[in-house]
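Q: model this:
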Amino acid sequence: MFADFMEVFDPNRLTFYFIALVALALVVIALVDVTQKNHTLRHNFPIVAWARYMLESQREKIQQYFVEMPRDGRPYNLRQRQWIYRSAKALPSATGFGSDAKLEEPGAFFFLNSPFATLETEAPTDAALPKPIGPHRAQPFNAKQFTNISDMSYGSLGRNAVKALAKGASLSGCWLSSGEGALSEHHLSEPCDRMFEIGTAKFGVRELDGSFSLERLKKITSTFNAITVKLSQGAKPGAGGVLPKAKITEEIAQIRNIRRDEDCHSPNRFMEFTDVPSMFAWIRMLQKETGKPVGFKFCLGDRAFALRVAEELAKCKPGDHPDHIILDGSEGGTGAAPVGLADNMGTPIREALPWFDNLLREHGVRDRVRLIASGRFATASEVAYGLALGADYINIARGFLLALGCIQALQCHTNHCPTGITTHDKWLQAGLDPTDKGVRAANYVKALRAELMMIVRACGLKSPAELTRHHVRVMQDNGKSVSLADIWPYPAALSKTA
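A: Have a look, this model is predicted:
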């Protein structure tokens, strides 16, 4: 019997059977390719075309792991990702053998170190605090960090990712923004400072017909420190959104107060106001009803709108105006955005921020609002650069996702995020431990603060709030550097003191 068994399963015969099976499969694939009419390459080059498809599907991974140089990757290069990964794990982030940054490349910036640097005893890392938001409100927001977690919704992020960010905010003292998807129990899972964002669909503070509900807002007022009214975001300015009914779970429907039996459409603008004066009036109503600071967020596009904002601020009595403005750069990220908007709509933050800061200064209203910048910020030097450009605070989104373990797979919009961050797949989410990743998010904030203060002391200053354009120089095409204050001059009356 054993001999019969070995005769049937003789290794030589198995090899023949295997080769025959593969050959048959290739013949079938070739026949299918030649007879189909939907794909020209498959018809003209049967079987071979499939190799191209497979290589194309893996192109970005091959590029990231085997081709790109340490400083060439986008949106974030390898050096930026390494700094975040090591900082999040509380590992040393120092470099050896000198910098491999392209220091002579146009656009490269560097800070001006002082011959009499500030001692750490004169400027301890945790001593300098940012300016309070909404000092005129009944409940001002005394933020603790210059860098904070930007607007990311539950829905765009999975529950474990939101819980991890809440843990990180709690341990580090930074604030956590809800994003426009409303506050969920996952945002509230840890005690921390929170910004509540109201988007055009008013999720969480709306009736089923989409109208604003002040009653619902009042019920959750105790859960956040400030409100942001989102006019637009950098990754897709001027666009609303659609949440298909197939993706509306019972939990999401309850959190956002939307129907489950129909697609949910987010309009591309608010219905509650039609111009800057009526927007300011609506914000004043929110301030009065909640007692909390209220501001708004936008991506700089039409300059006339920004000018109208500055003019309206100048008309307001002290305290009778928005408390903060979040300026989002067009390079900002999101879970999904139309390519035409992501690539070619809105102003990048490096231009928008100094321009808008100057506009507010020219109208004498810069001190009335706290200016918060968001865009492609991730490392301490980029945060310092943003503060020097004119921001009071820096909001970071994708940097925190990298701290949670994001590998920049560029799959945020597919629900197949391999690290379980931007997905609702239970198996993928199971690999993200909110407790462990929350500690990493907190480590990232602390590393940002420590290195930011290192830069501040090297410039001879005591607080990040003292950084100005005079402390930065930027390389030009001719190989010479120019002061950032010459590229973006402060208004004449402020040029020597700014």
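Q: CA only for contacts and neighbour counts going forward, please
A: Will do.
Q: State the three-state secondary structure for residue 446.
A: Applying DSSP: H, G, I helix; E, B strand; the rest coil to residue 446 yields a three-state assignment of helix.
Q: what residues go with each domain of this structure?
A: Dividing the chain into domains by automatic domain parsing, as the record does, gives the ranges 2-57, 110-494.
Q: What separation do you get for residue 168 and residue 161?
A: Relative to residue 161, residue 168 is positioned 10 Å away (criterion: CA to CA, to the nearest Å).
Q: Same drill for the two, tell me which one is more crowded.
A: Taking other CA atoms under 10 Å, residue 168 and residue 161 do not tie; residue 168 has more neighbours (31 against 28).
Q: Surely the more buried one and residue 446 touch.
A: No - the pair residue 168 / residue 446 is not scored as a contact, 10.1 Å apart, by CA atoms under 8 Å.
Q: Out of the domains of the chain, indicate the one that is most buried.
A: Per residue and on average, the most neighbours among the domains of the chain fall to domain 110-494, with a mean of 20 (mean count of other CA atoms under 10 Å).
Q: Any idea which of the domains of the chain gets closest to residue 91?
A: Comparing those by their distance to residue 91 (CA to CA), the top pick is domain 110-494, with 9.6 Å.
Q: residue ranges of the helices in the stretch 151-300 of the chain, please?
A: Counting by DSSP state H, counting those that start in this stretch, the stretch 151-300 of the chain has helices at residues 159-172, 214-220, 250-256, 276-290.
Q: Worst mean pLDDT among those?
A: Among these, helix 250-256 carries the lowest mean pLDDT, at a mean of 86.
Q: so how far is that one off the chain centroid?
A: Remark: helix 250-256 is offset 24 Å from the chain centroid, using CA atoms, centre = their mean, to the nearest Å.
Q: How about stretch 32-39?
A: Computed by CA atoms, centre = their mean, the separation of stretch 32-39 from the middle of its chain amounts to 43 Å.
Q: and that stretch, how far apart are its ends?
A: End-to-end distance for stretch 32-39, by CA to CA: 11 Å.
Q: What of stretch 41-52?
A: 10 Å.
Q: out of the helices of the stretch 151-300 of the chain, which comes closest to residue 231?
A: helix 276-290 (10.1 Å).
Q: Could you list every helix and strand in contact with the closest one?
A: Using 3 or more CA pairs under 8 Å, 6 or more residues apart in numbering; DSSP states H and E as the contact criterion, the elements in contact with helix 276-290 are strand 294-299, helix 303-315.
Q: Go through the ones you listed and name the closest to residue 131.
A: For those, proximity to residue 131 was assessed by CA to CA; strand 294-299 is nearest, at 15.0 Å.
Q: report the angle between the axes of the closest one and helix 303-315?
A: Per axes from the mean of the first three to the mean of the last three CA atoms, to 10 degrees, the angle that strand 294-299 makes with helix 303-315 is 160 degrees.
Q: partner strands of strand 294-299, parallel or antiparallel?
A: Each strand that pairs with strand 294-299, with its direction, by DSSP bridges: strand 226-230 (parallel), strand 324-328 (parallel).
Q: Now do stretch 296-315, average pLDDT.
A: Per-region confidence: stretch 296-315 scores 95 on mean pLDDT.
Q: mind checking how far the residue positioned nearest the centre of the chain is from residue 249?
A: The centre of the chain sits closest to residue 397, judged by CA atoms, centre = their mean, with a distance of 2.7 Å. Residue 397 sits 25 Å away from residue 249, going by CA to CA.
Q: Same check on residue 195?
A: 24 Å.
Q: for residue 226, same thing?
A: Distance, residue 226 to residue 249, using CA to CA: 28 Å.
Q: do residue 272 as well
A: Using CA to CA, residue 272 is found at 28 Å from residue 249.
Q: Flag the shaky bits of this structure, pLDDT-wise.
A: 1-12, 65-67, 69-71, 234-247, 334-343, 493-498 (pLDDT under 70).
Q: which residue ranges form the strands in it?
A: 109-111, 147-149, 175-177, 193-198, 226-230, 241-243, 264-266, 294-299, 324-328, 370-374, 393-396, 472-475, 481-483 (DSSP state E).
Q: gap between the two ends of stretch 170-190?
A: 6 Å.
Q: Check the offset of that stretch from the chain's centre.
A: Going by CA atoms, centre = their mean, the spacing between the C-alpha centre of stretch 170-190 and its chain's C-alpha centre is 15 Å.
Q: and of the helices and strands packed on helix 276-290, who's closest to residue 472?
A: Comparing the helices and strands packed on helix 276-290 under CA to CA, the one sitting nearest is strand 294-299, at 24.5 Å.
Q: From the chain's centroid, how far away is the closest one?
A: Using CA atoms, centre = their mean, we find the averaged C-alpha position of strand 294-299 to lie 15 Å away from the chain's own average C-alpha position.
Q: ok, residues contacting that strand?
A: Under the criterion CA atoms under 8 Å, 6 or more residues apart in numbering, residues 134, 226-234, 237, 283-284, 286-287, 322-330, 346-347 lie in contact with strand 294-299.
Q: switch to 7 Å and redo it
A: Strand 294-299 is contacted by residues 226-234, 237, 283, 286-287, 322-330, 346-347 when judged by CA atoms under 7 Å, 6 or more residues apart in numbering.
Q: got it, and stretch 428-443?
A: Among residues not part of stretch 428-443, those counted as contacts by CA under 7 Å, 6+ apart are 87-90, 160-161, 163-165, 167-169, 171-172, 400, 403-404, 418-421, 423.
Q: what's the answer for stretch 303-322, then?
A: With CA under 7 Å, 6+ apart as the test, stretch 303-322 has contacts from 136, 276-277, 280, 283-284, 294-295, 359-360, 363, 365, 369.
Q: Kindly recompute the last result at 8 Å.
A: Outside of stretch 303-322, the residues that reach it under the criterion CA under 8 Å, 6+ apart are 136-137, 276-277, 280, 283-284, 293-296, 300, 356, 359-360, 363-365, 368-369.
Q: how far away is the closest residue to residue 366 other than its chain neighbours from residue 256?
A: Setting aside the residues directly before and after it, residue 366 is nearest to residue 360 in space (CA to CA, 6 or more residues apart in numbering), at 4.8 Å. From residue 360 over to residue 256 the distance is 35 Å, taken as CA to CA.
Q: same deal with residue 54?
A: From residue 54 over to residue 256 (counting by CA to CA), the distance is 40 Å.
Q: With residue 492 instead?
A: Between residue 492 and residue 256 the computed distance is 48 Å (CA to CA).
Q: Residue 30 now?
A: When CA to CA is the yardstick, residue 30 and residue 256 sit 50 Å from each other.
Q: and what of residue 202?
A: From residue 202 across to residue 256, the span is 8 Å (CA to CA).
Q: what touches both of these two?
A: Both residue 202 and residue 256 are in contact with residue 182, where contact means CA under 8 Å, 6+ apart.
Q: Would you check that residue 36 makes contact with residue 43?
A: Yes - taking contacts as CA under 8 Å, residue 36 lies within contact range of residue 43: 6.7 Å.
Q: got the contact list for residue 170?
A: The neighbourhood of residue 170, defined by CA under 8 Å, 6+ apart, consists of 190-193, 442.
Q: again with residue 171
A: For residue 171, the contacting residues are 439, 442, by CA under 8 Å, 6+ apart.
Q: how near is it to residue 144?
A: In this structure, residue 171 and residue 144 are 12 Å apart, going by CA to CA.
Q: surely residue 402 meets residue 83?
A: No - the criterion here is CA under 8 Å, and residue 402 misses it with residue 83 at 10.0 Å.
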